[in-house]
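> sequence unknown, structure follows:
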């Protein structure tokens with residue numbers, strides 16, 4: 001036990017040393033005070049981790065040395081000691097990270113108020129905060145003596161605060177270790193404490209996910225409300241012309257923009273529909289073959305090769321669509337007497353369907369493999385063929401998972417941007433012709449937010465309105481999918 005514990009400590013210390021060494025080299029190369037501060041924080045966290053590892057080893061050894069019966073296994077006592085040592089110090093570091101910089105900045109601004117400023121610096125007002133932080137980090141270009149003094153005071157306050165925080169963090173960790181040492185008795189319910197700590201951690205993770213979703217929804221709703229103060233909701237949802245060009249002066253061309261989003265919705269549905277027409281049949285038939293007909297060795301070879309498609313960057317698919325598929329479709333159409341644009345929904349949707357095949361095939365294969373073997377054997381024993389068993393037994397039983405895979409593929413198709421930009425263009429046209437250039441909601445969101453934009457203009461706020469519509473549409477698809485899954489799960493469980 002002692003040799004294994006020492007080996008683990010050496011391994012952890014080696015990893016921590018390599019990480020800290022890399023950060024030190026980066027900080028020396030860039031000469032950044034901020035990187036040095038991060039290096040010090042990481043070194044402190046590394047010290048807390050090492051102390052926690054030693055606390056685990058000592059707690060484990062003491063629990064093993066107990067002669068009377070104990071409530072929990074030695075590993076739980078060691079884990080309890082490690083958590084009691086690490087968490088107090090981590091809380092101190094987290095509080096310091098949240099409060100240290102604003103508090104030091106307030107004190108630096110107080111010092112700045114006591115010194116005479118140049119007229120230009122005094123007129124800048126709220127820009128002083130950013131300038132002080134930049135000067136303290138070694139990136140500022142201003143040479144105002146008062147600002148330099150405030151920046152130096154700010155840096156000194158941060159360094160002093162870090163020293164105090166390090167002392168408090170180490171002291172809190174040692175205090176937690178002393179408390180854990182006193183509680184380390186045979187009657188200590190260390191296993192229950194560890195399970196309770198894991199439960200709290202999982203609750204925090206779930207709460208973070210929920211709060212993140214709420215934050216996204218609130219931001220979308222707020223910015224969309226600001227947009228609809230400028231543009232009518234009915235004009236946005238049912239307008240047939242999209243031209244979000246807002247002029248600076250009223251006498252300029254394009255002084256009044258058109259924000260009818262129907263062409264964007266139509267283009268999104270057209271390209272996503274073409275992609276799903278390619279991905280769903282090919283992916284589903286591929287999953288049926290690999291799950292029901294292919295030999296195990298062949299399946300183990302083919303399935304990873306198919307999943308490689310999911311790891312290819314979308315820009316590669318965009319180049320493939322723009323340089324190979326689109327010219328091929330254009331030349332083929334010319335040979336057949338059909339006019340196909342160099343940028344078309346057919347090219348973008350077809351390549352997008354190839355990209356999302358793994359999302360359908362991999363998930364469908366997994367859920368079909370998970371169907372109980374007794375169902376297959378019962379169907380075959382009643383005289384059904386293998387194809388009849390697949391159609392009437394395996395597919396209905398695996399339908400909830402298949403619907404989930406198709407929904408994931410549809411979400412990926414609706415949210416794809418790069419392939420549409422490179423293969424379908426930016427033209428907002430209200431058409432159902434797959435041979436012409438169209439655009440999608442996500443492409444327009446990116447276009448509206450590229451470059452230096454004012455977030456008070458309807459042109460920029462339109463991106464949030466489009467995002468809200470896309471969110472509602474995805475939510476609607478999820479509700480439909482859940483209803484389908486619930487219906488068939490009750491039938492085949």
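Cool, the structure landed. Being a predicted model, the structure only gives us computed values, none of them experimental.

> what mean pLDDT does the host helix or strand of residue 472 have?
Counting by DSSP states H and E, the element that carries residue 472 is helix 458-492. Averaging pLDDT along helix 458-492 gives 78.

> Which elements pack onto it?
Contacts defined by 3 or more Cβ pairs under 8 Å, 6 or more residues apart in numbering; DSSP states H and E place helix 458-492 against helix 190-228, helix 233-238, helix 395-397, helix 399-415, helix 441-449. In short, each C-beta sits where N, CA and C put it, glycine included.

> Not counting its own residues, what contacts the last one?
Right, helix 441-449. Here helix 441-449 makes contact (Cβ atoms under 8 Å, 6 or more residues apart in numbering) with 242, 244, 261, 264-265, 268, 414-417, 420-421, 424, 426, 428, 459-460, 462-463, 466-467, 469-470.

> which regions of the stretch 351-493 of the chain lie under the pLDDT threshold?
Where the stretch 351-493 of the chain drops to pLDDT under 70, the residues are 451-455, 485, 488-493.

> Neighbours of residue 65, how many?
By other Cβ atoms under 10 Å, 8 other residues sit near residue 65.

> Apart from its chain neighbours, what residue comes closest to residue 473?
Distances taken as Cβ to Cβ, 6 or more residues apart in numbering place residue 414 nearest to residue 473, at 7.3 Å, with adjacent residues excluded.

> Contact partners for the one you found?
Here residue 414 is in contact with 268, 272, 440, 441, 442, 470, 473, 474 (Cβ under 8 Å, 6+ apart).

> which of the residues you listed sit farthest apart?
The span of the contacts of residue 414, defined through Cβ to Cβ, is set by 440 and 474 at 13.7 Å.

> These two: which has the busier surroundings?
Taking neighbours as other Cβ under 10 Å, residue 440 and residue 474 compare with residue 440 leading, 31 against 15.

> how far away is the closest residue to that one other than its chain neighbours from residue 345?
In space, and not counting its chain neighbours, residue 440 is closest to residue 268: 4.2 Å by Cβ to Cβ, 6+ apart. As judged by Cβ to Cβ, to the nearest Å, residue 268 and residue 345 stand 10 Å apart.

> next one: residue 228
Distance from residue 228 to residue 345, counting by Cβ to Cβ: 29 Å.

> Give me the more crowded residue out of these two.
Higher neighbour count among residue 228 and residue 345: residue 345, with 32 against 16, using other Cβ under 10 Å.

> Please list all residues in contact with the more buried one.
267, 270, 271, 274, 424, 433, 434, 435, 436, 437, 438.

> The first one belongs to a helix?
In other words, residue 267. Yes. Counting by DSSP: H, G, I helix; E, B strand; the rest coil, residue 267 is part of a helix.

> got the contact list for stretch 230-246?
Here stretch 230-246 has contacts from 227-228, 254-255, 257-264, 428, 430, 444, 448, 457-459, 461-462, 465, 469, using Cβ under 8 Å, 6+ apart.

> at 7 Å instead, please
Residues outside stretch 230-246 that contact it (Cβ atoms under 7 Å, 6 or more residues apart in numbering) are 254, 257-264, 428, 430, 448, 457-459, 462, 465.

> Need the buried ones from those selected in PyMOL.
Buried residues within the contacts of stretch 230-246, by 16 or more other Cβ atoms under 10 Å, are selected in PyMOL with:
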select buried, resi 257+259+260+261+262+263+264+428+448+457+458+459+462+465
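
> Tell me the buried residues in stretch 89-105?
Buried residues in stretch 89-105, counted by 16+ other Cβ under 10 Å: 89, 90, 92, 93, 96, 100, 101, 104, 105.

> Just the closest of these to residue 182, please.
Of all those, residue 182 sits closest to residue 89, with 18.3 Å by Cβ to Cβ.

> and the helices and strands packed on helix 458-492 as TSV, adding distance to residue 284?
Compiled in TSV, the helices and strands packed on helix 458-492 are given as follows (distance: least, Cβ to Cβ, whole Å):
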stretch	distance to residue 284
helix 190-228	31
helix 233-238	34
helix 395-397	9
helix 399-415	7
helix 441-449	26
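
> Out of the ones you listed, which gets nearest to residue 281?
helix 399-415 (11.0 Å).

> Could I get the buried residue list for that closest one?
Using 16+ other Cβ under 10 Å as the test for burial, helix 399-415 gives 399-414.

> Give me the buried stretch members for stretch 379-397, please.
Residues 379, 384, 389, 390, 393, 394, 395, 397 are the ones in stretch 379-397 that count as buried (16+ other Cβ under 10 Å).

> For residue 394, see how far away the first one is.
Read it as residue 379. Separation of residue 379 from residue 394 (Cβ to Cβ) stands at 9 Å.

> where does the chain dip in pLDDT?
In the chain (pLDDT under 70), the answer is 1-38, 67-71, 110-144, 147, 246-257, 451-455, 485, 488-493.

> Fine by me, thanks again.
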